[in-house]
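The sequence isn't on hand, but the structure is:
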């Protein structure tokens, strides 16, 4: 066989192998994944997926999630910090849907084993005021279409038996691990241009801390850890959703991503997230039982 023909055969074989590896999970496989999610037991890991096949799998998985958690109330941007991107071997964010039954009130008590692979992290929500947010290209333009900034402890679930083997597309396939989250007291977005620029500056510079009941520091981060400025996550997710035919609407919540490392809960642990340097921000708390 000539070298040219050998290269053609090898190229075809490689393409076949990649195609066989990266494909939308079947309805049956998604059903297995969802059943493990529902029962809080780790699911078998699945083959690596392309971005397109991850999106296809997420769509199937979300149909089953809606039956458990109700209507969509917003969207979650994940992998928005370099540290978390590195952990999941990717260089870009991913997104999932937030459902009504996922959002808990400040001070809620949650089982430590709330999922198959439960974790907690310091996060933040914003609430959409205007559909003009879909055209936002800068943090300030995004802020003009937001009416609330909300402290938030997210409680994600990595679901599978070996989370360390997940990459970004794998995480997106099961809705970026969205499970629960505890929302704190909203901060109203101010009306004047100067006050809004001050809020943008505070969001970028704030120090975010997770502490336990004794006030001991569990983890920390800063506002700029999320894409350089937290509201860049809003700009990113608005554009990403539009690529799949989804537009943000007034009242939608957007989870911006993690300011802290992902940490495992344990029974008896109380966690407080504080946003130092963000005017008007009250701590948000969760307790694990």
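Thanks, I have the structure now. The structure presented is a predicted model; accordingly, all values stated were derived computationally and were not measured. Numbering: from 1, shown residues only.

and the longest strand anywhere in the chain, which strands flank it?
In terms of residue count, the longest strand belonging to the chain (DSSP state E) is strand 146-155. Applying DSSP bridges, strand 146-155 is found paired with strand 121-128 (antiparallel), strand 180-183 (antiparallel), strand 187-188 (antiparallel).

Comparing the ones you listed, which comes out most buried?
Highest mean neighbour count of the strands paired with strand 146-155: strand 121-128, a mean of 26 (counted as mean count of other CB atoms under 10 Å). No exception for glycine: its C-beta is placed from N, CA and C like everyone else's.

so after it, what's the next helix or strand?
The C-terminal neighbour of strand 121-128 among helices and strands, as given by DSSP states H and E, is helix 139-144.

Residues touching that following helix, excluding its own?
130, 132-133, 135-136, 189, 196-197, 199-200, 229-232, 234-235, 238 (CB atoms under 8 Å, 6 or more residues apart in numbering).

Need the buried ones from these selected in PyMOL.
In PyMOL syntax, the buried subset of the contacts of helix 139-144 is picked out as below (16 or more other CB atoms under 10 Å):
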select buried, resi 133+136+189+196+199+200+229+230+231+232+234+235+238
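
The longest strand of the chain: how far from the chain's middle?
Computed by CA atoms, centre = their mean, to the nearest Å, the chain-centroid distance of strand 146-155 equals 12 Å.

Which positions within it qualify as buried?
So, applying 16+ other CB under 10 Å, buried residues of strand 146-155: 146, 149, 150, 151, 152, 153, 154, 155.

Skipping adjacent residues, who's closest to the last one in space?
Read it as residue 155. In space, and not counting its chain neighbours, residue 155 is closest to residue 180: 4.1 Å by CB to CB, 6 or more residues apart in numbering.
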